[in-house]
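Participant: Need a 3D model of the sequence below.
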Amino acid sequence: MISLCITTWNRADWTLMAFDRVKHDDRISEIVIVDDASEPAYYEKLKKDCERCPKVRLYQNEDR
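Facilitator: Down below sits the predicted model:
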């Protein structure tokens with residue numbers, strides 16, 4: 001199994017596009033996203049959209 005890890009900052013849409021084509025691939029067991037203290041609006045959008053995919057583990061750093 002493979003873990004896909006993505007870092008992001010203030011780029012909710014780009015982050016979601018980064019794993020869109022592989023989120024249903026059975027070889028990918030988890031998608032780990034680490035948000036580097038984005039502005040609240042960006043993080044909330046990312047969080048809301050990530051909740052739809054059970055493979056996603058979203059974390060947020062407190063500061064950059």
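Participant: Check what pLDDT the closest residue to T7 other than its chain neighbours gets.
Facilitator: The shortest distance from T7 to any non-neighbouring residue, by C-beta to C-beta, 6 or more residues apart in numbering, is to V34 (5.1 Å). Backbone N, C-alpha and C define where each C-beta goes, glycine included. The per-residue pLDDT reported for V34 equals 98.
Participant: what's near enough to touch V34?
Facilitator: 5-8, 59-61 (C-beta atoms under 8 Å, 6 or more residues apart in numbering).
Participant: How about R11: what's its closest non-neighbour residue?
Facilitator: Y42 (7.1 Å).
Participant: tell me what the one helix or strand that neighbour maps to is packed against?
Facilitator: Using DSSP states H and E, the element containing Y42 is helix 40-50. Contact analysis of helix 40-50 by 3 or more C-beta pairs under 8 Å, 6 or more residues apart in numbering; DSSP states H and E lists helix 12-19, strand 28-35, strand 56-60 as its packing neighbours.
Participant: What are the buried residues along that helix?
Facilitator: 42-43, 46, 50 (16 or more other C-beta atoms under 10 Å).
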